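**Q** I'd like to go over a predicted model; first the sequence, then the structure.
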Amino acid sequence: MHGDFQKIDTGLISDRIRDALTDAIASGDIAAGTALDEQNLAQRYGASRTPVREALRQLAASGLVEIRPRRGVVVVRLTPQRIADMFETTAEVEALCTRLATYRMTPLERGRLMELHEQSSDAVEAGDLDAYDRFNRTFHEALYAGTHNGFMAEQALAIRERLAAFRRTQLRHADRIRRSRDEHGEILTAIAEGDGETAARRMRAHMLRAAAALGRYIAETG
C-alpha cells in the first residue's frame with residue numbers, strides 16, 4: 001500500500017514540475033538551447049531526481065525538449081511559424097473529430113460532455129488554471145472517443161500531446177479561461193442540435209483563437 005501512495009505522490013510531483021517547466025519554456029523564461037540538468041531542477045523544485053526525470057520525459061514526448069548525446073536534455077527552438085503550423089493542424093483534426101462525434105456519440109456520451117462543461121464553471125470562477133486545464137483535456141478527449149473511430153482518436157490524442165504545453169499556456173492570457181469555456185458552450189449547442197458542420201466550424205475557430213491567445217501571451221511576457 002505504501003508503494004502505491006509513493007507512486008501517486010511521485011506522479012503528482014512530476015506533473016507539477018512538468019507544468020512549471022512548460023510555462024517557463026513557452027513564455028521564454030527558459031530560452032531555446034538551454035541545457036536542463038536533473039540535479040539542478042531537483043534542487044530548484046525541492047524534489048528527488050525521479051519525478052524530474054519523468055517530467056523531462058513528458059516534455060520530450062511533447063517536443064519541447066530533446067535528449068542530445070553529451071549535452072543531456074536541451075530546450076528545443078520552436079519558431080512562431082512552427083507553432084502556428086501545429087495549431088492549424090490540430091484545429092483541422094479537432095474539427096473533424098467534433099463533426100463525427102456529433103453524429104456518432106451515444107446519449108450517455110453526450111450527457112457526459114454536458115456534465116463536464118457544467119463542472120468546469122467552478123474552475124473558471126476560481127481562476128484555477130490547473131483545474132480548468134484538466135477539464136479542458138477531458139472535454140476534448142471525450143470528443144475524440146465520441147467519434148467511435150479508434151485510429152482517429154489515437155491520432156488526435158498524439159497531436160494533442162505535442163501541443164499540450166502550448167494549449168495549457170495560452171489559458172494564461174487575460175480572460176482566456178472564461179472565453180474558452182464560452183466557446184465550449186457554443187460547440188455543445190451545435191452538437192445538441194445535431195449540426196455537425198456548425199460544431200466543427202466552431203471547434204476550428206476555438207482552436208485558432210487559442211493559438212492567437214498564445215501569441216499574445218508570449219508577446220506580452222517576452
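**A** Alright, I've got the coordinates.
**Q** and stretch 147-155, which residues are buried?
**A** Using 16 or more other C-beta atoms under 10 Å as the test for burial, stretch 147-155 gives 147, 149, 152-153. Bear in mind the C-beta positions are built from the backbone N, C-alpha and C, glycine included.
**Q** Would you map the strands across this protein?
**A** Secondary structure of the chain, counting by DSSP state E: strands at 35-36, 65-68, 72-75.
**Q** Deepest-packed of those strands, please.
**A** strand 72-75 (a mean of 17; mean count of other C-beta atoms under 10 Å).
**Q** and Asn70, how many neighbours?
**A** Not Asn; residue 70 is Arg. Neighbour count for Arg70, taken as other C-beta atoms under 10 Å: 4.
**Q** swap in Arg162?
**A** Count around Arg162 with other C-beta under 10 Å applied: 16.
**Q** Please look at it and Ser62 and confirm they touch.
**A** Yes - the criterion here is C-beta atoms under 8 Å, and Arg162 meets it with Ser62 at 5.6 Å.
**Q** ok so, going back, out of the strands of the chain, which comes closest to Gln119?
**A** For those, proximity to Gln119 was assessed by C-beta to C-beta; strand 65-68 is nearest, at 32.7 Å.
**Q** re earlier: comparing the strands of the chain, which gets the lowest mean pLDDT score?
**A** Among these, strand 65-68 carries the lowest mean pLDDT, a mean of 89.
**Q** That one packs against which elements?
**A** helix 49-61, strand 72-75 (3 or more C-beta pairs under 8 Å, 6 or more residues apart in numbering; DSSP states H and E).
**Q** mind checking which of those is nearest Ser180?
**A** Nearest of the helices and strands packed on strand 65-68 to Ser180, taken as C-beta to C-beta: helix 49-61 at 22.5 Å.
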